[in-house]
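>>> Give the three-dimensional model of this entry:
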Amino acid sequence: MRSNVTKKGLERAPHRALMYATGVRKEDLGKPFIGIASSFTDLIPGHVDMRLLERQIEQGVRSGGGVPFVFGIPGICDGIAMGHAGMKYSLASRELIADSVESVAMAHALDGLVLLTNCDKITPGMLMAAARLDIPAIAVTAGPMMSGMYKMKRRSFVRDTFEAMAKRQKGKISNEEMENLEICSCPGGGSCQGLYTANTMACVTETLGMSLPGCATALMNSAKKKRIALSSGEQIVTLVKKNITTKKIINKSSIYNAVMVDMALGGSTNTMLHIPAIGHEAGVDIKLDELDAICKRTPHITNIRPGGEYFMEDLEYAGGIPAVLHRLSAKLKNNITVTTKTLKDTVKSAKVYDDDIIRPLNKAYHKEGGIAILKGNIAPNGCVVKQSAISKAAMTFVGKAICFDSEEEAMKEIMQGRIKKRSVIVIRYEGPKGGPGMREMLAPTAAIAGMGLSEDVALITDGRFSGGTRGPCIGHISPEAAAAGPIAVIKDADLISIDIPARKIELKITKQEIVKRLRSLKPRKPKIKTGYLARYAKLVQSAATGAIVN
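Numbering: from 1, shown residues only. This next block holds a predicted model:
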């Protein structure tokens, strides 16, 4: 066991003394030491109820023959960090999380890890650490939130708060209605109710084979989730004993499967950052063109919010990820999972309980998957759009640019009703380096949708979007403005053409004019010069790489 370096031999007497001080018994020294990396916090709805899951996992580890040790991992709620300087820390926190897990696991020579996670950057950060460490690990995603209810209508966080803001601004709803939506849309703990980043990453995690079957969609506080947590604690000891390490599970085949399921679900565009970053840690190089190729041959078979009207709870009751994998079984690559069985063996007996929530491939909602990669003279290295959340009429769009050098500038103009139809809002200097931290633009996109302009206004940015974004909103434009990418030289009233079926995004000026503008572009001073974000900005790579840090 790895932990023997801290437990065995005369020279480890001081180490054992410290272990005894924590309550470890002499007979525990011969057992696997299992770290439970818990991202419990009172700050995040998806994490507030993790204390009970920690206890379940501990019980499982003990039952399996291991010794559990809980340690804390930081977390940020993207929804609460949204729309202000706090969002700069969200993507950057992914690297902190990975480094924190690595540091504790290495310093204490842990034999295995249970990763208790749920929300947006925390899940990929933990998976990145597991792949980097290449020790036995299993993830427990804490589960989705139940839908809210107001006036006998199901409600969700993004649709009924962010988008409702613009309706209130235009006088379409009253202050009383807005207040009731605030109170009712999020009825308790769990990750936000649609296919936003947290739930998309939970589905990706299960498909990668890093969590037990059914984990992704089992609702927080459900008895099913408690049973999965307990079983995960038992299973990590089995993985340690069989030496099934993370890189035996996360590899080219499992990443292919994860991208396919992401496309079939119509998940968050943020996975186009996180899956390549996880792959990088596992030694698997993934290009945006490869992701787009999988999109083109994967039907979109669910219709969950924000693009559709179903909720995560509907996906759970229809059979969850095992049922989705069952639909896609002929297209999947086989691979070992944390069950110690192969993925196809695991989902062989899965059943689909609703043929509309999880459609057959020949009756898919769309022929192509949920996310498309575009290229053109604005984004030579690529950019990302959630095509499953765009109406057919808005799949091609031509409009005049309105340029902003920050999210705040754009949001002010949108909320004051100054954005006209057939405009393309350009928000730049919000990329990984320029932000720094590549902020989500949910507030501007939700305001556009709330004002009824989601088919009439496009938005492009070198920042990113929440999984809750809908409409022709294109993010991750690479190279970013801070790296002298062409997005930096777009001017107001320039014509921009977006053609999602053709995978094209073009600034309608000559190549010579773009070169001329780039030559006259003056370097900008960093927005933040001290602290973690200043260090992050110096090290972070392009969004086209997954915004990895080298």
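>>> most centrally placed residue in this structure?
residue 197 (3.6 Å; C-alpha atoms, centre = their mean).
>>> so how far is residue 377 from that one?
For residue 197, the distance to residue 377 equals 29 Å [C-beta to C-beta, to the nearest Å]. C-betas here are computed from N, CA, C, even on glycine.
>>> Kindly state the pLDDT recorded for the residue lying farthest from the centre of the chain?
Most distant from the centre of the chain: residue 10, at 46.5 Å, with distances by C-alpha atoms, centre = their mean. Looking at residue 10, its pLDDT reads 97.
>>> Kindly report the same for the one 4 residues further on.
According to the predicted model, the pLDDT of residue 14 comes to 97.
>>> Next: residue 373.
97.
>>> How many neighbouring residues does it have?
Close neighbours of residue 373, defined as other C-beta atoms under 10 Å, add up to 22.
>>> Please name the nearest non-neighbouring residue to residue 467.
Closest residue to residue 467 apart from its sequence neighbours, by C-beta to C-beta, 6 or more residues apart in numbering: residue 268 at 2.9 Å.
>>> which residues does the one you found contact?
Counting by C-beta atoms under 8 Å, 6 or more residues apart in numbering, residue 268 makes contact with 195, 196, 197, 200, 201, 386, 466, 467.
>>> Make CSV from those residues and add pLDDT and distance to residue 250 to it.
Shown next, in CSV, are these (pLDDT from 0 to 100; distance: C-beta to C-beta, whole Å):
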residue, pLDDT, distance to residue 250
195, 93, 22
196, 92, 23
197, 94, 19
200, 96, 17
201, 98, 14
386, 93, 24
466, 79, 25
467, 71, 22
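>>> which one among those residues gets closest to residue 415?
residue 466 (17.6 Å; C-beta to C-beta).
>>> what about that closest one, how many neighbours?
By other C-beta under 10 Å, neighbour count at residue 466 equals 28.
>>> How about residue 203?
By other C-beta under 10 Å, neighbour count at residue 203 equals 31.
>>> Touching, it and residue 218? I think so.
No - the criterion here is C-beta atoms under 8 Å, and residue 203 misses it with residue 218 at 11.8 Å.
>>> on that earlier part again, what's the residue farthest from the centre of the chain sitting at in phi/psi?
Main-chain torsions, residue 10, degrees, to the nearest 10: phi -60, psi -40.
>>> please renumber so the chain begins at 181
Let's use 181 as the start, then, which means that last one is residue 190.
>>> Any figure for the gap between it and residue 204?
Applying C-beta to C-beta to residue 190 and residue 204 gives a distance of 18 Å.
>>> can you give me the helices for the stretch 431-580 of the chain?
432-445, 451-461, 468-476, 492-497, 500-507, 523-527 (DSSP state H, counting those that start in this stretch).
>>> backbone phi and psi for residue 512, please?
Taking degrees, to the nearest 10, you get phi -80, psi 150 for the backbone angles of residue 512.
>>> Where does the prediction get shaky in the protein?
Along the chain, no part satisfies pLDDT under 70.
>>> Do a quick rundown of the strands in it.
213-218, 247-252, 292-297, 317-321, 328-330, 333-335, 551-554, 562-566, 576-584, 603-607, 637-641, 653-658, 675-679, 684-687 (DSSP state E).
>>> would CSV of these with distance to residue 707 be doable?
Below are the strands of the chain laid out as CSV (distance: least, C-beta to C-beta, whole Å):
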stretch, distance to residue 707
strand 213-218, 32
strand 247-252, 30
strand 292-297, 30
strand 317-321, 33
strand 328-330, 36
strand 333-335, 36
strand 551-554, 27
strand 562-566, 22
strand 576-584, 14
strand 603-607, 14
strand 637-641, 16
strand 653-658, 18
strand 675-679, 25
strand 684-687, 25
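>>> So which of those has the densest surroundings on average?
strand 317-321 (a mean of 31; mean count of other C-beta atoms under 10 Å).
>>> before we move on, the earlier item: closest one to residue 308 among the helices of the stretch 431-580 of the chain?
helix 451-461 (4.6 Å).
>>> how far does that closest one sit from the chain's center?
10 Å (C-alpha atoms, centre = their mean, to the nearest Å).
>>> Could you do stretch 549-558 as well?
18 Å.
>>> Just the endpoints, please. Distance across stretch 475-495?
21 Å (C-alpha to C-alpha, to the nearest Å).
>>> same question, stretch 388-402
By C-alpha to C-alpha, one end of stretch 388-402 lies 23 Å from the other end.
>>> ranges for the helices of the stretch 281-430 of the chain?
Ranges of helices in the stretch 281-430 of the chain, per DSSP H, counting those that start in this stretch, are 302-313, 337, 343-349, 355-364, 377-388, 403-422, 426-429.
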